[in-house]
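>>> Need coordinates for the following:
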Amino acid sequence: MEKYDIVIIGAGPAGLMLSTCLARWGYKIKHIDNRSEPTPTGRADGIQPRSLDLLRNMGLKRQIMAHEPAKVYEVAFWDPGTKGIHRTGTWASCPKFIDARYPFTTLLHQGLIERVFIEDIEKHGVKIKRPWTITEFNNNGKDPVYPVEVSLAHVDGTLKETLRAKYLFSGEGARSFVRDQLGVKIHHKDPIAHVWGVMDGVVRTDFPDIKMKCTIHSDAGSIMVIPRENNMVRLYIQIASSTDEDWNPRKTATTEEVQSHAQEIMRPYHIEWDRVEWYSVYPIGQGIAERYTLDERIFMGGDVCHTHSPKAGQGMNTAFLDAVNLAWKIHHVESGFASRSILSTYESERKLIAENLLEFDARYARLFSSRLPSAGEIGGANTSTASHAAEENDFVKTFKASCEFTSGYGVAYNPNSLNWSPTHPAQSPLFLHHPHGTVLRPGRILIPSTVTRVADANIVHLEQEIPLNGSFRLYIFCGNPALTARAVSDLSAHLSAPRCFYSRFAHKDKNADRYHEPHNPHNRFVTLCTILAAPRASIEIQELLPRVLAEYGGHVYADDVWDARVPEAKAAAHAKMGLNEQRGGVVVVRPDGYVGCVVQLVEGHGTGEALEGYFGAFLERKRGVGVEGARL
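This is a model prediction of the structure:
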């Protein structure tokens, strides 16, 4: 019986992201999908700003953008008037108060996005088997290393296969065989369900905002307009609601009926279709799985665990983050870095985000169905001199709050062993927490900052400098090197100690040539970055830094780039993190880009001991056996 590290069911966003990460990190994967080919048209289409950051960090953004997707910078609101609909205002898709590298939503059909992932997966030796399905599975423990037995079959029943795996992941979508077999129930947060019609096509219209995302309300109904690639437009039209007297969750409508309804809603403007590429009618409610795993061997993610309306463009983005969260945790357990206890944080972290999403979606759905504010209200909210009354308008407040959430930057994980808090097992007065010594919050994304890479004088985005390689990221903000030289030396001495979290996971083969390895020359557990509050020209790496930091010469940076968000700062990256520009600090960032903890940089053993305490809360006590990246 063949053995695999993981069996992945479903080649949608969650399954593909998980497969991409683990294939890159050297795992043996069996990946199947019951469709004969990737998504040809339609389905999910929105990539939010945080997800675009993630794709860039994976080196996949360029391939996505090569398809020339539409970009949404603003949302336009249309309301009924005396002569039909009229525009009542606009709002930024990703407002300036969100510090985003890409302040727009990217619109591209799911099939093209899937193909970018599939090409990368195949490049790393994994082939998605189609059309195959899962027929049976159980965690019978007959093999303690590969405890999950999985039976697969071709959809026509002609071929069958049984194998063993360390893990099984269901990314099958809302109709999940794995979830049903586990007996995991879906709880509906909002009792109201809807039937939606969605249509992708090329249109002819005099509607002036057809290239923008729009919410349109009229006496005849409501539409959401989404611009798409290749001159296409997507229209979402609510066909039925469970609040209707004649509610039928299986209600359907023809293409012609939906087009006619859209024409009524959009009066006095006309719209007609040159062609329709994809059309679907489907019921949807707000549901969440009561569990994401029962045994931390069989996991679920994406639409298997949460369903909601399509209006906010969150499904694919949430699935991506589900998969990345699980991928690095499996990697650290199987590499011998971390104890199996971290696998429990997958459900607790991601289920919280799904619950927040569903609560937001319920509010958003009510907004979509209710009267939009007047032009004066929206206009006031779009100016820096908005009145207090306009700022306090319920619609404005909710929409502004939702922008951070929908962009992806509003994700906030609760305290646990990975996200330090005053209740964390590691206790030291040197831990910094908002607002005491830092603006960073464990469980939230690292604030973006721009610095100069010393090695080549390139201006770079610090948060993007370490790719998604499965490693923790240790950012050592050194402040003024003339003041912190001793503290940096003491920390480096701690890192070099044999029992330190850094040295414990050193590469076994010390004779291997890793001269050209920029991110993991010493180990695969952590990558080090050093940021000095000094001009680039004044930094001589070999002279200024201890050997352990100089080994990461490509990750030494000068904090000498001005930033409009902290215009008075001389060391903007330090200032944006809320760190003292002279004394610095140490920021631990998890492999998925979320802050783990922040520690003062001081002379003596304190900084190293605080870091040791943080990592000690979840690290494996014994040296791992899979650290070299061989297929485990």
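>>> Tyr167 is in contact with Ile330, correct?
Yes - using CB atoms under 8 Å, Ile330 makes contact with Tyr167 at a distance of 6.3 Å. In this view, the C-beta of every residue, glycine as well, is placed from N, C-alpha and C.
>>> Now the common contact residues for the two.
Ile6 (CB atoms under 8 Å, 6 or more residues apart in numbering).
>>> And what about the residue nearest to the spatial centre of the chain, helix, strand or coil?
Against the mean C-alpha coordinate of the chain, by CA atoms, centre = their mean, the closest residue is Leu321 at 3.7 Å. Following DSSP: H, G, I helix; E, B strand; the rest coil, Leu321 is assigned to helix.
>>> again, but for the one 5 residues further on
Per three-state DSSP, the local secondary structure of Leu326 is helix.
>>> what's the neighbour count on the nearest residue to it once chain neighbours are set aside?
In space, and not counting its chain neighbours, Leu326 is closest to Tyr346: 4.9 Å by CB to CB, 6 or more residues apart in numbering. Per other CB atoms under 10 Å, the neighbour tally for Tyr346 reads 21.
>>> do Gln427 as well
Gln427: 12 neighbours (other CB under 10 Å).
>>> Over to Ser348?
Neighbour count for Ser348, taken as other CB under 10 Å: 12.
>>> pLDDT score assigned to it?
We have a pLDDT of 98 for Ser348.
>>> any idea how this structure splits into domains?
What automatic domain parsing lists as the domains of the chain is 3-67+109-186+287-346, 193-285, 450-616.
>>> Can you find the helix or strand in this protein with the smallest mean pLDDT?
The helix or strand of the chain with the lowest confidence, counting by mean pLDDT, DSSP states H and E, is helix 388-391 at a mean of 35.
>>> which residues of the stretch 1-150 of the chain score low on pLDDT?
For the stretch 1-150 of the chain, the stretches flagged by pLDDT under 70 are 42-44.
>>> Which stretches in it count as helices?
Assigned helices in the stretch 1-150 of the chain, in chain order: 13-24, 49-57, 61-65, 110-123 (criterion: DSSP state H, counting those that start in this stretch).
>>> Out of these, which is closest to Pro567?
helix 49-57 (23.2 Å; CB to CB).
>>> And the contacts of that closest one?
Residues contacting helix 49-57 (CB under 8 Å, 6+ apart): 47, 61, 64, 94, 98, 100-106, 316-317, 320-321, 324, 407-409, 411, 445, 463-464, 467-468, 593.
>>> Across the sheet, point out what pairs with Ser170.
Taking DSSP bridges as the rule, Ser170 bridges to Ile9, Met300.
>>> I'd like to know how many residues surround it.
Neighbours around Ser170, by other CB under 10 Å: 30.
>>> wait, doesn't it sit right on Met300?
Yes - here Ser170 reaches Met300: they are 4.5 Å apart, a contact under CB under 8 Å.
>>> hey, what's in contact with both of the two?
By CB under 8 Å, 6+ apart, the residues touching both Ser170 and Met300 are Ser176, Val178, Arg179.
>>> In ChimeraX, how would I select just the buried ones from the residues you listed?
ChimeraX command restricting these to the buried ones, with burial defined by 16 or more other CB atoms under 10 Å:
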select :176,178,179
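>>> what residue ranges in this protein score low on pLDDT?
Residues of the chain that meet the cut-off, pLDDT under 70, sit at 42-44, 190-192, 311-312, 365-401, 622-632.
>>> Please spell out which residues along the longest helix belonging to it are buried.
In the chain, assigned by DSSP state H, the helix with the most residues is helix 344-369. Buried positions in helix 344-369, judged by neighbour count with 16+ other CB under 10 Å: 345-347, 349-351, 353-354, 357-358, 360-362, 364-365, 367-368.
>>> Check which helices and strands it sits against.
On a contact count with 3 or more CB pairs under 8 Å, 6 or more residues apart in numbering; DSSP states H and E, helix 344-369 meets strand 186-205, strand 221-227, strand 271-289, strand 306-307, helix 315-334, helix 394-407.
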